[in-house]
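# Provided below are the primary sequence and the corresponding predicted coordinates.
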Amino acid sequence: MYGFLKRYFPGPMADVLMALWYVLLILAVLYCASEPQAEFRYLML
Amino acid sequence: MHFVSLIWFTWLAGTVAIYWIVPPTWRDIWLICISLAFLVVHAPESALLLVFFTLMTFWLGKQGGRYCAYQTALAASVILGVLIYYKVTVRASPEDLVREMLIPMGLSYYSFRCFHYLFERFRGTLPSHTFQEFLSYLFFLPTIVVGPIHRFKPFLDDHHTKRWHSDTLSEGMERILYGYVKVAVLANFLFSTQMDRFIESLAPQATMRILYLEMIRGAMNLYLQFSGFSDIAIGFALLLGYRVMENFNNPYGQRNIADFWRSWHMSLTSWCRDYVYLPMIGLTRNPYVANITAFLVIGLWHEVSVRFLVWALYHATGVIIWREFQRLKRQLGLPRLPPGILATVAHSVSIVLTFHFVGFGFTIARQPTLAAVFESFHMLFLFWW
């Protein structure tokens, strides 16, 4: 993904977009982690 | 225990930070201690078993080569006996809560690592190593709980060459983040919570539609959770300077069931290929028998029960039919479709069919009894009758 951004966005723009992408993902994980977590049977093998 | 929690994240970050701060000679010992502490806190029974397996596997397999056949057989039998004992005990306990208490955490994964070590020692393919290196392999925290069932030789190579590298570190962090996105956002939020709400909102008489959506939900949830946890494990290993084997390679994008099994839980399937399928081929010269045996091992590795036996035979049959179809195609000299719109449609249809074959297989594995499996399939395929 970083390579793709570097190709289409010049200079530090790609770095900024990449950082924003990570922040977005972290926020999404934090938001969704508050939901009850489903059972995962592979953890019990 | 939840892996999407602040406590787990602090544990992970602290382990990695101290690992790189302490002198290199102490890093292995730190990791072994922290893994042991993790197991003692969360699953003391598992910690005891792993210590026992480690000592027995190393000492009985240490001579290596063909002349230690009895020792290898003895160690493998003991591990297999313990594994079967727990798998059968689990079968007798239908409640998940009870199951969690009964199964020692990670037993299925580290048992198969011990088998791998014993068999490779017996074949004489492993390079010379110390007990501490073997201990580091079995007590490798990132892969203890949910795999991958990585191999000893690549681990040893990384063990000798590992060093701090910012690229590896950032790759590991990125991998962990994507793993968490798969587990928390896609699997848990989208395919569990939200899709559950949607299914509940459907009219109760829409049984077939509900079962079909349940099948999609189950298949997606399982893949995203498992590959997400594998990503977290692989990322965690990268933070420690190790590159463990991949577990998934876009399994739901495969065009046939044989390719699906080459890209799903690859550490287990490659284990079964090396230690079950190929030896069975050598023994019987019959690919069908070898194929069925390998799938039975995969099925019973999950659980010793009739439903997983049926699930294993279902997939073995699928792979055999696919191979026969390929053989027939070659015999008849049928040409491949030329690139174009027809080939793209055929490609897409085969991906959808493979996904549905696998999804219906998971429906077998999810039902508590065989009668419930038949009931589900009856409602899905013979809903008008």
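Great, that's in hand. Numbers count the residues shown, from 1 in each chain, chains lettered A, B, ... in the order given.

# What parts of the stretch 151-300 of chain B come near chain A?
The interface of the stretch 151-300 of chain B toward chain A, taken as Cβ under 8 Å from any Cβ of the partner chain, is made up of B:174, B:177-178, B:180-181, B:184-185, B:187-189, B:192-193, B:221, B:225-226, B:229. For glycine as for every other residue, the C-beta is placed from the backbone atoms N, C-alpha and C.

# which two in those residues are spaced the farthest apart?
Greatest spatial distance among these (Cβ to Cβ): B:E174 and B:T193, at 25.6 Å.

# Which ones among the residues of the stretch 151-300 of chain B next to chain A lie within helices?
For these, membership in helices holds for B:E174, B:L177, B:Y178, B:Y180, B:N221, B:Q225, B:F226, B:F229, with DSSP state H as the criterion.

# Now, of those, which are buried?
Of the members of these, the ones counted as buried by neighbours, 16 or more other Cβ atoms under 10 Å in any protein chain shown, are B:E174, B:L177, B:Y178, B:Y180, B:N221, B:Q225, B:F226, B:F229.

# and the helix or strand that contains B:S348, how far from the chain's centre?
Assessed by DSSP states H and E, B:S348 sits inside helix B:341-366. Mean C-alpha position of helix B:341-366 versus that of the full chain (Cα atoms, centre = their mean, to the nearest Å) differs by 21 Å.

# Then stretch B:268-287?
Using Cα atoms, centre = their mean, the mean C-alpha position of stretch B:268-287 is found 18 Å from that of the whole chain.

# Can I get it in PDB, CA atoms only?
C-alpha atoms of stretch B:268-287 as PDB (Å, rounded to 0.1, in the frame of the first residue of the first chain):
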ATOM      1  CA  LEU B 268      -1.100 -27.800   9.600                       C
ATOM      2  CA  THR B 269      -1.700 -29.000   6.100                       C
ATOM      3  CA  SER B 270       2.000 -29.000   5.200                       C
ATOM      4  CA  TRP B 271       2.600 -30.900   8.400                       C
ATOM      5  CA  CYS B 272       0.100 -33.500   7.400                       C
ATOM      6  CA  ARG B 273       1.500 -33.600   3.900                       C
ATOM      7  CA  ASP B 274       5.100 -34.300   5.300                       C
ATOM      8  CA  TYR B 275       4.200 -36.700   8.100                       C
ATOM      9  CA  VAL B 276       1.000 -38.400   7.100                       C
ATOM     10  CA  TYR B 277       0.300 -38.100   3.300                       C
ATOM     11  CA  LEU B 278       3.800 -38.800   1.900                       C
ATOM     12  CA  PRO B 279       4.600 -41.600   4.300                       C
ATOM     13  CA  MET B 280       1.200 -43.200   3.500                       C
ATOM     14  CA  ILE B 281       1.900 -42.900  -0.200                       C
ATOM     15  CA  GLY B 282       5.200 -44.700   0.400                       C
ATOM     16  CA  LEU B 283       3.500 -47.300   2.500                       C
ATOM     17  CA  THR B 284       0.400 -48.000   0.400                       C
ATOM     18  CA  ARG B 285       1.200 -46.500  -3.100                       C
ATOM     19  CA  ASN B 286      -2.500 -45.400  -3.000                       C
ATOM     20  CA  PRO B 287      -3.100 -41.700  -3.100                       C
END
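
# Could you list the buried residues of it?
Neighbour-count burial for stretch B:268-287, with 16+ other Cβ under 10 Å as criterion, is recorded at B:L268, B:T269, B:S270, B:W271, B:C272, B:R273, B:Y275, B:V276, B:Y277, B:M280, B:I281.

# pretty sure the second one contacts B:D259?
In other words, B:T269. No - in this structure, B:T269 is not within contact of B:D259 by Cβ atoms under 8 Å, at 11.5 Å.

# what number of residues lie near the residue nearest to B:I34 when sequence neighbours are not counted?
What sits nearest to B:I34 in space, not counting adjacent residues and going by Cβ to Cβ, 6 or more residues apart in numbering or on different chains, is B:T15, at 5.2 Å. Counted with other Cβ atoms under 10 Å in any protein chain shown, the neighbours of B:T15 add up to 20.

# what residues are up against B:T15?
The neighbours of B:T15, taking Cβ atoms under 8 Å, 6 or more residues apart in numbering or on different chains as the test, are B:L31, B:I34, B:L141.

# mind giving me CSV with the residues you listed and columns for secondary structure, neighbour count and pLDDT?
Output for the contacts of B:T15, formatted as CSV (DSSP: H, G, I helix; E, B strand; the rest coil; neighbours: other Cβ atoms under 10 Å in any protein chain shown; pLDDT from 0 to 100):
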residue, secondary structure, neighbour count, pLDDT
B:L31, helix, 23, 94
B:I34, helix, 17, 94
B:L141, helix, 22, 91
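
# can I get the residues you listed in TSV with distance to B:P148?
Formatted as TSV, the entries for the contacts of B:T15 read as follows, by distance: Cβ to Cβ, whole Å:
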residue	distance to B:P148
B:L31	17
B:I34	20
B:L141	14
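
# Run through the residues that contact the closest residue in space to B:T125 that isn't next to it in sequence.
In space, not counting the residues next to it along the chain, B:T125 is nearest to B:K153; the distance is 7.5 Å by Cβ to Cβ, 6+ apart. Under the criterion of Cβ under 8 Å, 6+ apart, the contact list for B:K153 reads B:E120, B:T125, B:L126, B:P127.

# make it 10 Å
For B:K153, the contact set (Cβ atoms under 10 Å, 6 or more residues apart in numbering or on different chains) comprises B:H116, B:E120, B:T125, B:L126, B:P127, B:H129, B:Y137.

# mind listing what the last one touches?
Going by Cβ under 10 Å, 6+ apart, B:Y137 touches B:54, B:110, B:113-114, B:116-117, B:129, B:143, B:150-153, B:155-156, B:159.

# cool, and B:S136?
B:S136 makes contact with B:R27, B:D28, B:I29, B:L31, B:I32, B:S35, B:H129, B:T130, B:F155, B:L156, B:H159, B:Y242, according to Cβ under 10 Å, 6+ apart.

# Chain A versus that one, what's the distance?
When Cβ to the nearest Cβ, to the nearest Å is applied, the distance between B:S136 and chain A equals 22 Å.

# so where does that residue fall, helix or strand?
B:S136 is located in helix B:131-138, with elements delineated by DSSP H and E.

# Which stretches in the stretch 1-150 of chain B count as helices?
Shown for the stretch 1-150 of chain B, the helices assigned by DSSP state H, counting those that start in this stretch span residues B:6-21, B:24-42, B:44-61, B:69-91, B:96-102, B:107-123, B:131-138, B:141-144.
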